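Colleague: What follows is a predicted structure for the sequence shown.
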Amino acid sequence: MQSEDPDLPDRLRLSFDLDVDIAVVGAGLAGLTVALEAARLGASVAVLEGRHVGWNASGHQLGTVMPGYGVAIGDLIARIGLEDTRELWALSKEGAEHVRALASEESIPGIARSEGALELSNVDVGDQVIARLQMLGEDLETEVEGWQVDRVRAEIKTDRYFHGVYYPKAFQIDGRKYVHGLAALARRAGARIFEDTPVVSIDPSGIRKRIVTPSARLRASHIVLAGNIHLGAPSRRLSETLLPVWRYAGVTAPLGERLAEVMSFKGSVSDTHGIDHFRIIEGDRLMWASPETTWAARPERLAGAIQRRIGTIFPKLGRVEIAEVWGGATGQTVHGMPQIGQLRKGLWVASGFGRHGLNTTAMAGQLIARSILWGDERWRLFSPFELVWAGGAIGRIAGYGIGMWSRASAGAAGALARYRERAHVKERIRDTRLAEANRQAGTRPPPSRPTPGKPRVPVPANREGKGAS
Ligand SMILES: Cc1cc2nc3c(=O)[nH]c(=O)nc-3n(C[C@H](O)[C@H](O)[C@H](O)COP(=O)(O)OP(=O)(O)OC[C@H]3O[C@@H](n4cnc5c(N)ncnc54)[C@H](O)[C@@H]3O)c2cc1C
């Protein structure tokens, strides 16, 4: 079938019976990385995709590649301890580096890689930033820098953000180009990708496992289920362990010179409460993630919400035109960690990557392919994170309620932090005036009072040697 995009190869549907070593269900980032790795290691591989390559989240993401998972580090340590957290974190870094190795201009032309990501706090909590820097830098051996409020605001001119953690090794790529680039690399390595080929059932018993599609059958020694929330009939129970959360993103029309007046930072920006995620693309446009839903909304309907968020963070920009909006469904697990591993002999799962899918799908692809072909057992580090039922329709409603509540409370915390900051500035002016009046009157100034609720904790100098503000 002819592809809708003239730059992409024609789609091939599976219309004949086939025998392979490894059958992969789903041609998203997870399925394609397994296929690429396994084909490179010499296996015969077939990928079966119900729609087309990158049809869902994988073809509609923002392209930010960072280490880690969609779960707070502290929660991870509480669950599995520091040693195992370190190992899992190291795997997540390997995943990011694997994407970097694949996403070069030579292998994926137009990938538009740019470096660095900032994670900003929307509340004024310098002490927590220090703890996070120590955790990331010392415990998890990740290169990070602490940015003072002044430095953050010199590059991102808004009073919405306070301190920041800068990841110099994080990077971003053109997400759509990446998924199609992966497919091209997998094909070149010998994997066969069949689109418009939904898997309707699987029989995982026996040494040779069977797969049924509408017009052909396939036999394989290993089946990898990488269908994310759309897997459906082949394993309903597996689908039900994921809470579908739709994410959307939009791109503004070119903003010209006015964008440079509010933002000079060239990498990705996200906040610690998971509200905003944005970056500059093509020199003078903003790419921005919108609020999430637990139902599939038409992406265009989210344009207004994106426009409002941009107005809230950068009021100086004035009204911006949203040129394009897109979206996709991510699969969230109950524990927040991806599902990677062997369900029974020869039946594998790679899903539940949530909003942190670029590095983690790359990691999963390597772990599974290497386990099948080399006996690498490191996927077992994910064993503590079992398949837990995500609550069906009631879980979705509860998930949406919790999401709305956490956005609202994060917004309130941000407003309180900005109020405190303004109060602190006023108090400093008052103290200076008082000191000046005392000096003129020849009396000693009173000791300054700490601002209520504002911890006076210095932020450490960053690696460029900048001191605390
Ligand atoms: C707006 C948005 C922004 C994002 N930004 C980032 C980001 O900046 N950084 C980051 O790390 N992550 C980001 N993510 C998350 C990331 O995109 C996902 O975690 C990742 O794409 C999940 O990949 P996947 O292969 O598991 O799933 P999918 O992309 O859902 O792929 C699964 C595929 O399986 C197919 N399939 C399902 N069932 C069957 C079946 N029975 N038969 C045949 N085929 C089947 C589907 O058609 C689909 O194509 C973002 C996501 C969205 C939506």
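Modeller: In hand now; what should we look at? Note that the structure is a prediction, hence the values are computed from the model and not measured.
Colleague: so how many other residues sit close to the closest residue in space to Phe385 that isn't next to it in sequence?
Modeller: Counting by CB to CB, 6 or more residues apart in numbering, the nearest residue to Phe385 once its immediate chain neighbours are dropped is Met337, at 4.2 Å. In short, each C-beta sits where N, CA and C put it, glycine included. Around Met337 sit 24 other residues, with neighbours defined as other CB atoms under 10 Å.
Colleague: right, and Met337 touches Tyr69 too?
Modeller: Yes: between Met337 and Tyr69 there is a contact under CB atoms under 8 Å: 5.8 Å.
Colleague: now the end-to-end length of stretch 270-284.
Modeller: End-to-end distance of stretch 270-284: 19 Å, with CA to CA, to the nearest Å as the criterion.
Colleague: Report pLDDT for the residue in the stretch 151-300 of the chain positioned nearest to the ligand.
Modeller: The shortest separation between the stretch 151-300 of the chain and the ligand is 2.9 Å, found at Gly227 (distances taken as CB to the nearest ligand atom). Reading off the per-residue confidence, Gly227 sits at a pLDDT of 97.
Colleague: Could I get the phi/psi values of the closest residue to it other than its chain neighbours?
Modeller: The shortest distance from Gly227 to any residue that is not its chain neighbour, by CB to CB, 6+ apart, is 4.1 Å, and that residue is Gly26. Main-chain dihedrals, Gly26, degrees, to the nearest 10: phi 110, psi 120.
Colleague: and Gly26, what does it touch?
Modeller: If you count contacts by CB atoms under 8 Å, 6 or more residues apart in numbering, Gly26 has them with Val47, Leu48, Glu49, Gly50, Leu225, Ala226, Gly227, Asn228, His230, Leu231.
Colleague: what do you get if the cut-off is 7 Å, keeping everything else the same?
Modeller: Glu49, Ala226, Gly227, Asn228 (CB atoms under 7 Å, 6 or more residues apart in numbering).
Colleague: try Ile202
Modeller: Contact criterion CB under 7 Å, 6+ apart gives Lys209, Arg210, Ile211, Ile223, Pro234 as the residues in contact with Ile202.
Colleague: partner residues bridging the closest residue in space to Tyr167 that isn't next to it in sequence?
Modeller: Distance criterion CB to CB, 6+ apart; nearest residue to Tyr167, sequence neighbours excluded, is Ala117 at 4.8 Å. Here Ala117 sits in beta bridges with Tyr167, Ser268, as judged by DSSP bridges.
Colleague: ok so, going back, from the contacts of Ile202, which ones fall inside strands?
Modeller: Counted as lying in strands by DSSP state E, out of the contacts of Ile202, are Lys209, Arg210, Ile211, Ile223.
Colleague: What is the burial count for the closest residue to the second one other than its chain neighbours?
Modeller: In this case it means Arg210. The shortest distance from Arg210 to any residue that is not its chain neighbour, by CB to CB, 6+ apart, is 4.3 Å, and that residue is Asp203. Neighbour count of Asp203, defined by other CB under 10 Å: 13.
Colleague: Now do the phi/psi pair for Asp203.
Modeller: Given degrees, to the nearest 10, the pair of backbone angles that Asp203 has is phi -120, psi 100.
Colleague: what's the answer for the one 4 residues further on, then?
Modeller: Comment: the main-chain dihedrals of Ile207 come out as phi -70, psi -40, following degrees, to the nearest 10.
Colleague: residues in contact with the closest residue to it other than its chain neighbours?
Modeller: Spatial nearest neighbour of Ile207, excluding adjacent residues (CB to CB, 6+ apart): Ser221 at 6.7 Å. Taking CB under 7 Å, 6+ apart as the criterion, Ser221 is in contact with Asp21, Ile207, Arg208, Gly346.
Colleague: hey, what's the nearest residue to Ile372 once chain neighbours are set aside bridged with?
Modeller: In space, Ile372 comes closest to His222 once its chain neighbours are excluded; the distance is 5.4 Å by CB to CB, 6+ apart. Here His222 sits in beta bridges with Ile22, as judged by DSSP bridges.
Colleague: I figured His222 hits Gly346, correct?
Modeller: Yes: with contacts counted by CB atoms under 7 Å, His222 reaches Gly346, the gap being 4.8 Å.
Colleague: what residues does the stretch 201-350 of the chain put near the ligand?
Modeller: The interface of the stretch 201-350 of the chain toward the ligand, taken as CB under 6 Å from any ligand atom, is made up of 226-228, 230-232, 234, 247-249, 289, 327-328, 330.
Colleague: Let's verify Pro384: helix, strand, or coil?
Modeller: Of the three states, Pro384 takes coil under DSSP: H, G, I helix; E, B strand; the rest coil.
Colleague: same question, Thr241
Modeller: Secondary structure of Thr241, reduced to three states by three-state DSSP: coil.
Colleague: Mind picking the two most distant members of the ones in strands among the contacts of Ile202?
Modeller: Spanning the widest gap among these are Arg210 and Ile223, at 9.1 Å by CB to CB.
Colleague: between the two, who's got more neighbours?
Modeller: Looking at Arg210 and Ile223 with other CB under 10 Å, you find the greater number of neighbours at Ile223, namely 27 against 16.
Colleague: so who does that one touch?
Modeller: Contacts were defined as CB under 7 Å, 6+ apart; by that measure Ile223 touches Ala23, Val25, Ile202, Pro204, Lys209, Ile211, Gly346, Leu347, Trp348.
Colleague: Need the residues that contact the helix or strand containing Leu343.
Modeller: Leu343 belongs to strand 339-344 when assigned by DSSP states H and E. Applying CB under 7 Å, 6+ apart, the contact partners of strand 339-344 are 204, 241, 333, 348-352, 364, 367-368, 379, 382-383, 387.
Colleague: Just checking: what are the partner strands of that strand?
Modeller: strand 347-351 (antiparallel).
Colleague: Output the helix or strand just after the partner strand as CSV, nothing but the C-alphas.
Modeller: Sequence order places helix 357-374 as the next helix or strand after strand 347-351, per DSSP H and E. Output of helix 357-374 as CSV, limited to C-alpha atoms (Å, rounded to 0.1, in the frame of the first residue of the first chain):
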residue,chain,number,x,y,z
GLY,A,357,9.8,6.6,26.4
LEU,A,358,12.8,7.6,24.3
ASN,A,359,15.6,6.3,26.6
THR,A,360,13.6,3.5,28.2
THR,A,361,12.4,1.9,24.9
ALA,A,362,16.0,2.0,23.6
MET,A,363,17.1,0.3,26.8
ALA,A,364,14.3,-2.3,26.6
GLY,A,365,15.1,-3.1,23.0
GLN,A,366,18.7,-3.8,23.9
LEU,A,367,17.9,-5.8,27.1
ILE,A,368,15.3,-8.1,25.4
ALA,A,369,17.3,-8.7,22.2
ARG,A,370,20.5,-9.4,24.2
SER,A,371,18.6,-11.7,26.5
ILE,A,372,17.1,-13.7,23.7
LEU,A,373,20.3,-14.0,21.7
TRP,A,374,23.1,-13.7,24.3
